[in-house]
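S.K.: coordinates only, no sequence provided:
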Ligand code: DC
């Protein structure tokens with residue numbers, strides 16, 4: 001194999017992708033690409049530069065010039081920097097998330113971020129978290145998983161997360177938002193959220209993070225066992 005192996009985990013938000021990707025990357029000592037964070041960074045950088053998020057050429061230029069750094073955090077996950085500023089928490093706010101979803105619908109912005117994402121593929125290997133990892137960014141990936149969960153389960157998980165942060169929101173409203181976002185994400189023209197034809201679908205409804213992580217590691221052993229040797233046990 002000439003290139004480092006890639007494990008793609010795509011799916012909607014709330015499917016548990018982020019945590020599963022972190023666990024899988026940690027167990028395999030692989031690099032981690034949080035592609036959603038790149039769309040969030042682009043949105044934040046545009047906001048800070050006063051570039052309107054619907055100015056596609058302007059935002060694409062911001063995306064090409066992004067000065068970002070990703071550093072593994074001791075507590076797990078990544079620490080994310082923009083122009084030397086720690087933006088790990090800021091990029092998770094609702095405002096940045098909303099703008100990220102708008103810039104992510106732009107084909108020129110997606111194009112501008114393509115090579116930057118591919119540059120994360122380095123030895124010993126990469127776990128890529130996103131929506132189009134297996135379809136567009138790494139079509140030749142060795143392992144592709146499409147992780148889903150029912151809309152109700154995703155709304156419950158989001159509700160729990162927000163409650164833990166002291167934010168009270170209505171479960172029904174969250175469910176409606178999730179359903180609307182699913183429709184938008186899977187019907188948009190640029191890189192719609194669809195499973196790659198060769199992706200293995202995993203439904204995480206009723207499963208723990210550990211269950212899903214083991215399931216993914218099982219697939220990795222099947223496909224990459226001889227490359228990874230005992231490192232993937
Ligand atoms: O996963 P997330 O919520 O951090 O993603 C932020 C936004 O970027 C979200 O609207 C989905 C979009 N996204 C995308 O279009 N393609 C990706 N590969 C990753 C995220």
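M.R.: Cool, got the structure. Every value quoted in this text rests on a predicted model; they were computed, and no experiment measured them.
S.K.: name the SS class of the nearest residue to residue 143 once chain neighbours are set aside, please.
M.R.: The shortest distance from residue 143 to any non-neighbouring residue, by Cβ to Cβ, 6 or more residues apart in numbering, is to residue 7 (4.3 Å). Quick note: C-beta positions are derived from backbone N, CA and C, even for glycine. At residue 7 the chain is in strand, as set by DSSP: H, G, I helix; E, B strand; the rest coil.
S.K.: hang on, residue 7 packs against residue 138?
M.R.: No. The pair formed by residue 7 and residue 138 falls short of the contact definition of Cβ atoms under 8 Å, at 9.2 Å.
S.K.: of those two, give the one with the bigger neighbour count.
M.R.: The neighbour count for residue 7 versus residue 138, taken as other Cβ atoms under 10 Å, is higher for residue 7 (28 against 25).
S.K.: what about the chain, any weak spots by pLDDT?
M.R.: Across the chain, residues meeting the criterion (pLDDT under 70) sit at 1-2, 226-227, 229-233.
S.K.: one more time with 50, if that's ok
M.R.: Applying pLDDT under 50 to the chain picks out residues 1, 230-233.
S.K.: can you give me the helices for it?
M.R.: For the chain, the helices identified by DSSP state H occupy 17-28, 35-48, 56-64, 94-103, 107-118, 151-164, 171-187, 209-228, in order along the chain.
S.K.: near the ligand, which residues of the protein show up?
M.R.: Those residues of the chain that sit near the ligand, judged by Cβ under 6 Å from any ligand atom, are 13, 35, 36, 39, 40, 97, 100, 101, 104, 130, 131, 132.
S.K.: next, format these as CSV and append distance to residue 164 and neighbour count.
M.R.: Output for the residues of the chain next to the ligand, formatted as CSV (distance: Cβ to Cβ, whole Å; neighbours: other Cβ atoms under 10 Å):
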residue, distance to residue 164, neighbour count
13, 17, 19
35, 25, 21
36, 20, 19
39, 24, 27
40, 20, 25
97, 17, 15
100, 22, 22
101, 23, 19
104, 26, 24
130, 25, 27
131, 25, 24
132, 30, 23
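S.K.: check the residues you listed and tell me the two furthest apart.
M.R.: For the residues of the chain next to the ligand, with distances taken as Cβ to Cβ, the pair at the greatest spread is 97 and 132 (17.7 Å).
S.K.: which of the helices of the chain sits most buried?
M.R.: For the helices of the chain, the largest average neighbour count (mean count of other Cβ atoms under 10 Å) is found in helix 35-48, namely a mean of 23.
S.K.: list of residues touching that helix?
M.R.: Helix 35-48 has contacts (Cβ atoms under 8 Å, 6 or more residues apart in numbering) with 13, 18, 52-53, 55, 58-59, 62-63, 66, 68, 70, 78, 80, 82-83, 87, 90-92, 96-97, 99-104, 109, 113, 116-117, 128-133, 137.
S.K.: what is the burial count for residue 66?
M.R.: Counted with other Cβ under 10 Å, residues neighbouring residue 66 total 16.
S.K.: going by proximity to the ligand, name the top residue of this structure.
M.R.: Ranking the residues of the chain by distance to the ligand (Cβ to the nearest ligand atom) places residue 36 first, at 2.4 Å.
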